[in-house]
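Colleague: Just a sequence and a predicted model for now, questions to come.
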Amino acid sequence: MKNNRVLIRVDGDSVMGMGHVFRCIALAGMLKDEFEIIFVVKSSSNYDPILNAGFRMSILPESVDIEKEPKWLKNNFNNPCFVVLDGYPFSKSYQEQIRSSGNKLFYIDDLMNGIQVADVVINHCPGIMKSHYQTSMHTKLALGLGFSLLRQSFLEFDSKSRKKISAIQSILVSFGGSNPGGFSFKSVEQLLKLKELKEIHLLGGSPQDFSSLEKEGSPKLLVHSFLNEKQVFNLMKSVDLAIVPSSTGSLELAALNTPMILGYFVENQKNIYEGLKGISCVHGIGDYNLFDFANLKEIVRGLNNYKFLNSEGLASLFEGIPSNNILNLFRNEALSVREVTREDVRFIFDLANDPLSRVNSYHSNEISFEQHEIWFADQINSSHRAFYIVEYNGTSMAQVRFSFEDQNAVIGVSIVEKYRGKRLGSLVLKKAISTYSESFQMPIYAYIKQENTSSVKSFERAGFSFFRNEIVQGVNSFVYKIEIN
């Protein structure tokens, strides 16, 4: 299935920070098994984490400024492809040029400014709603923690395995690669006065930025730089408390259920802050620019209680979140629906005679091509049918047929073998039903053999509800139903 390309346009450095880069690496990790991934970055970016994660990369020539980028991307990468933008320089005009080149555009957003024109906008801040956005008619919104761009180690962590904390003995301070406002220094300066602390971990920025702190500090001050994903995961999991801004890093800490002192220092961090500050193991202090760090010692001492340190409030935010939500966003954009044509006769025949199709069908005998041709001609000429081919990246991968009865339609679906077992069934159904609903309003019934549990799950994920039990040609069956609004 890896026959579509995803270009990820992102930058990061010691000034702007590395948050955009790290969440794009997380995105790439979710897509890499099914899509070809290429990062596109400026030469001034810190792209070592991208290379260390094993992803292919292309560097923009210095002569290509922001206005020329869309044309450069079009000339250097074949269509069709998906383009992901993460950052603030990408104007509405830039985005419209990407779409006009035939690309599907995904925009990772945390500011909610202006009218969104991308095909899909991803914002994983908790508490964000569709009403916060202005969008073009074609734009889909993927909002909230169900679309968290967290690295694999964090998504897979079982919060129940986290150690119980009896007292605060180790603290992580991390304000990102840019270390703005000297907040890391101000935090450590106060924490060093807490004799009860055994370890103060400082993460982010360049090593030379912290050399003076290390000299003036003590053996308890541990400075970390250039850690890989697993090392960051182990560090965040091991500490008793973290002092951080409301960035993607705070969501990774939340997935680990690590208690936090949380604030913000730039506009795009406020949404995550508002979403997390009321959780039982998060102490919100507001704007770091206005915070008096002399109060930090007493705040830490006040949080040194078992109830705060061992609340399950953070981890519960992520319960039941399927790791394939992001993948399905891209899969869905790769799917398209068209009406069946006479040229599809052989494709439909091969699908009909597929062994699994015959097992799941109420007519299980093998079909001859002569029989099929007669049936097929009747189907495409009938006014009592809606008959579609679903394509994945332009390749036929499923057929969906609606047979009309007096008050409802009956759906039948079959998928090519190589696309099965990838949780595509519900996406195929949703895509076909969306096309059906443009012309027809009758509710849809699905007849499913009771032993066909995989089909039951696909129809339920597509929005169908159990309607009744029924015996169909001597076979115990479920009837599922969906209304068309």
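Modeller: Here it is on my side, so go on.

Colleague: quick check: domain ranges of the protein?
Modeller: 5-149, 153-316, 331-482 (automatic domain parsing).

Colleague: didn't residue 417 look like it was pressed against residue 351?
Modeller: No - contact criterion Cβ atoms under 8 Å: residue 417 and residue 351 do not qualify, at 9.3 Å. Every residue, glycine included, has its C-beta placed from N, CA and C.

Colleague: More neighbours: the two, which one.
Modeller: residue 351 (20 against 14; other Cβ atoms under 10 Å).

Colleague: what's the closest non-adjacent residue to the more buried one?
Modeller: Nearest residue to residue 351, sequence neighbours excluded (Cβ to Cβ, 6 or more residues apart in numbering): residue 414, at 4.8 Å.

Colleague: Could you do residue 334 as well?
Modeller: residue 393 (5.1 Å).

Colleague: could you pull out the helices for the stretch 101-250 of the chain?
Modeller: Taking DSSP state H, counting those that start in this stretch to define them, one finds helices in the stretch 101-250 of the chain at 152-155, 183-191, 211-216, 229-238, 248-255.

Colleague: helices or strands up against the first one?
Modeller: Which is helix 152-155. Applying 3 or more Cβ pairs under 8 Å, 6 or more residues apart in numbering; DSSP states H and E, one finds that helix 152-155 contacts helix 19-31, helix 229-238, helix 248-255.

Colleague: Quick one: closest of those to residue 452.
Modeller: helix 19-31 (29.1 Å; Cβ to Cβ).

Colleague: C-terminal to the longest strand along the chain, what's the next element?
Modeller: Using DSSP state E to assign secondary structure, the strand with the most residues in the chain is strand 395-404. Elements were assigned by DSSP states H and E; along the chain past strand 395-404, the next helix or strand is strand 409-415.

Colleague: can you list contacts of that next one?
Modeller: Here strand 409-415 makes contact (Cβ atoms under 8 Å, 6 or more residues apart in numbering) with 351-352, 354, 357, 386, 397-403, 424-425, 428-429, 432-433, 436, 440, 442-447.

Colleague: What number of residues are in the vicinity of residue 37?
Modeller: 24.

Colleague: what does residue 41 give?
Modeller: Neighbours of residue 41 (other Cβ under 10 Å): 21.

Colleague: just the one 5 residues further on next, same as before
Modeller: For residue 46, the count of nearby residues is 18 (other Cβ under 10 Å).

Colleague: Ramachandran coordinates for the closest residue to it other than its chain neighbours?
Modeller: Sequence neighbours aside, residue 13 is the residue nearest to residue 46 in space, at 5.1 Å (criterion: Cβ to Cβ, 6+ apart). Backbone torsions for residue 13, taken as degrees, to the nearest 10, come to phi -160, psi -170.

Colleague: Quick one: residues contacting residue 189.
Modeller: residue 293.

Colleague: quick one: what helix or strand has the nearest residue in space to residue 8 that is not next to it in sequence in it?
Modeller: Nearest residue to residue 8, sequence neighbours excluded (Cβ to Cβ, 6+ apart): residue 84, at 4.5 Å. Secondary structure assignment for residue 84, by DSSP H and E: strand 81-86.

Colleague: Pull up the pairing partners for that strand, direction included.
Modeller: In its sheet, strand 81-86 lies beside strand 5-10 (parallel), strand 104-108 (parallel), with partners assigned from DSSP bridges.

Colleague: Now do the contacts for residue 167.
Modeller: Residue 167 touches 196, 240, 304, 309, counting by Cβ under 8 Å, 6+ apart.

Colleague: any idea how far the first one is from residue 301?
Modeller: What that stands for is residue 196. According to Cβ to Cβ, to the nearest Å, residue 196 and residue 301 sit 8 Å apart.

Colleague: Ok, the second one next?
Modeller: Taking Cβ to Cβ as the criterion, residue 240 is separated from residue 301 by 13 Å.

Colleague: So for those two, which residue has more residues nearby?
Modeller: residue 240 (21 against 12).

Colleague: mind checking the backbone torsions on that one?
Modeller: Per-residue torsions, residue 240: phi -90, psi -20 (degrees, to the nearest 10).

Colleague: And the strands in the stretch 151-300 of the chain, which stretches?
Modeller: In the stretch 151-300 of the chain, the strands defined using DSSP state E, counting those that start in this stretch lie at 170-174, 199-203, 221-224, 241-245, 260-264, 282-287.

Colleague: Could I get the ones you listed in a markdown table, plus columns for mean neighbour count?
Modeller: What follows is the strands of the stretch 151-300 of the chain, written out as a markdown table (neighbours: other Cβ atoms under 10 Å):
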| stretch | mean neighbour count |
| --- | --- |
| strand 170-174 | 23 |
| strand 199-203 | 22 |
| strand 221-224 | 18 |
| strand 241-245 | 25 |
| strand 260-264 | 23 |
| strand 282-287 | 17 |
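
Colleague: Distance to residue 107 and mean pLDDT added to these, as JSON lines?
Modeller: Below are the strands of the stretch 151-300 of the chain laid out as JSON lines (distance: least, Cβ to Cβ, whole Å; pLDDT from 0 to 100):
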{"stretch": "strand 170-174", "distance to residue 107": "26", "mean pLDDT": "97"}
{"stretch": "strand 199-203", "distance to residue 107": "28", "mean pLDDT": "94"}
{"stretch": "strand 221-224", "distance to residue 107": "32", "mean pLDDT": "90"}
{"stretch": "strand 241-245", "distance to residue 107": "22", "mean pLDDT": "97"}
{"stretch": "strand 260-264", "distance to residue 107": "22", "mean pLDDT": "97"}
{"stretch": "strand 282-287", "distance to residue 107": "27", "mean pLDDT": "97"}
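
Colleague: Would you mind putting those strands into JSON lines with distance to residue 464 alongside?
Modeller: Output for the strands of the stretch 151-300 of the chain, formatted as JSON lines (distance: least, Cβ to Cβ, whole Å):
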{"stretch": "strand 170-174", "distance to residue 464": "46"}
{"stretch": "strand 199-203", "distance to residue 464": "47"}
{"stretch": "strand 221-224", "distance to residue 464": "50"}
{"stretch": "strand 241-245", "distance to residue 464": "43"}
{"stretch": "strand 260-264", "distance to residue 464": "41"}
{"stretch": "strand 282-287", "distance to residue 464": "39"}
